[in-house]
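S.K.: Provided below for reference: sequence and predicted model.
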Amino acid sequence: MQGYESIFIVDPNVTEEQLTGLLDKFRGLVEHQGGKVVQHAFWGRRKLAYNVKKRDYGLYHVFYLDRSPNALKVLEHQFQIEDNVLKWLSVAVDDVEAEHIALEKLKSHGSAAQTLSER
Amino acid sequence: MIKKKATTTRRRGLGNRVIIPRRKTSEINKLKAIPFKDVELLKSYVTERGRIIPRRISGNTATTQRALRQAIKRARNIALLSFSEGYVSQD
């Protein structure tokens, strides 16, 4: 299924409630626009390659959305407003499910570079 | 045994040209798509300073290099890779 992959980095200092509130809000926004969050993945608390808003770490969350016209627009607008979202990146993908599986694989097996050298 | 002088083995017309070994091709040429989330993979195509290694050195095909460039730029945007490394502020 065609769709969007939307990665956003949440401030690591947020409380548990704030985070769930934030995620629920984003989900609600998307659904309000007639979109759907096909998958939600938490990538982990990762070290940032460079400081963003004076933070060294970030919570990487990934939303996989379907291709509804306004949902992404509204979501990105909300990212812009939200102080607890440090950075985000949205990419159009051909197969949402495949991308999600690929991310899970990356999380558990590590890099594709290793599998390449094994071949 | 008398060692042959190197000059005698040179073919006419080729001058002092050194024979260049066959180019090694890059491993990622086999990949269908380059995932920008795979930091470890991308790091092997970036110098210590964070610059993208030219395909003349890495042996990527033009298509792969283009995809790689896109992936690295995306990774930089989302703070998976740094734009530049090792810079120390002078003040």
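M.R.: Ah, there it is. Residues are numbered from 1 along each chain as shown, chains lettered A, B, ... in the order given.
S.K.: hey, let's count contacts and neighbours off CA atoms from now on
M.R.: Will do.
S.K.: what distance separates the host helix or strand of A:Glu5 from the middle of the whole chain?
M.R.: Assigned by DSSP states H and E, A:Glu5 falls within strand A:3-10. With Cα atoms, centre = their mean, to the nearest Å as the basis, strand A:3-10 stands 3 Å off its chain's centre.
S.K.: Next SSE downstream of that strand?
M.R.: Criterion used, DSSP H and E; the element after strand A:3-10 is helix A:16-32.
S.K.: okay, the angle between the helix or strand just after that next one and strand A:3-10?
M.R.: For helix A:16-32, the succeeding helix or strand toward the C-terminus, using DSSP H and E, is strand A:37-52. Angle of strand A:37-52 versus strand A:3-10, following axes from the mean of the first three to the mean of the last three Cα atoms, to 10 degrees, is 40 degrees.
S.K.: do the next helix or strand after strand A:37-52 and chain B meet?
M.R.: Once strand A:37-52 ends, the next helix or strand along the chain (criterion: DSSP H and E) is strand A:55-66. No: Strand A:55-66 lies apart from chain B when judged by Cα under 8 Å from any Cα of the partner chain; the minimum separation is 9.3 Å.
S.K.: Sheet partners, orientation included, of strand A:55-66?
M.R.: Strand A:55-66 sits in its sheet next to strand A:3-10 (antiparallel), strand A:37-52 (antiparallel), going by DSSP bridges.
S.K.: Using PDB, write down the CA coordinates of the shortest one.
M.R.: Only the C-alpha atoms of strand A:3-10 are listed here, as PDB (Å, rounded to 0.1, in the frame of the first residue of the first chain):
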ATOM      1  CA  GLY A   3       1.600   5.900   1.900                       C
ATOM      2  CA  TYR A   4       3.800   8.100   3.900                       C
ATOM      3  CA  GLU A   5       6.500   7.400   6.400                       C
ATOM      4  CA  SER A   6       6.700  10.200   9.000                       C
ATOM      5  CA  ILE A   7       9.600  10.100  11.400                       C
ATOM      6  CA  PHE A   8       9.600  12.500  14.300                       C
ATOM      7  CA  ILE A   9      12.000  13.000  17.200                       C
ATOM      8  CA  VAL A  10      10.400  13.700  20.600                       C
END
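S.K.: Need the residues that contact it.
M.R.: A:58-67, A:72, A:84-96 (Cα atoms under 8 Å, 6 or more residues apart in numbering or on different chains).
S.K.: Many thanks, have a good one.
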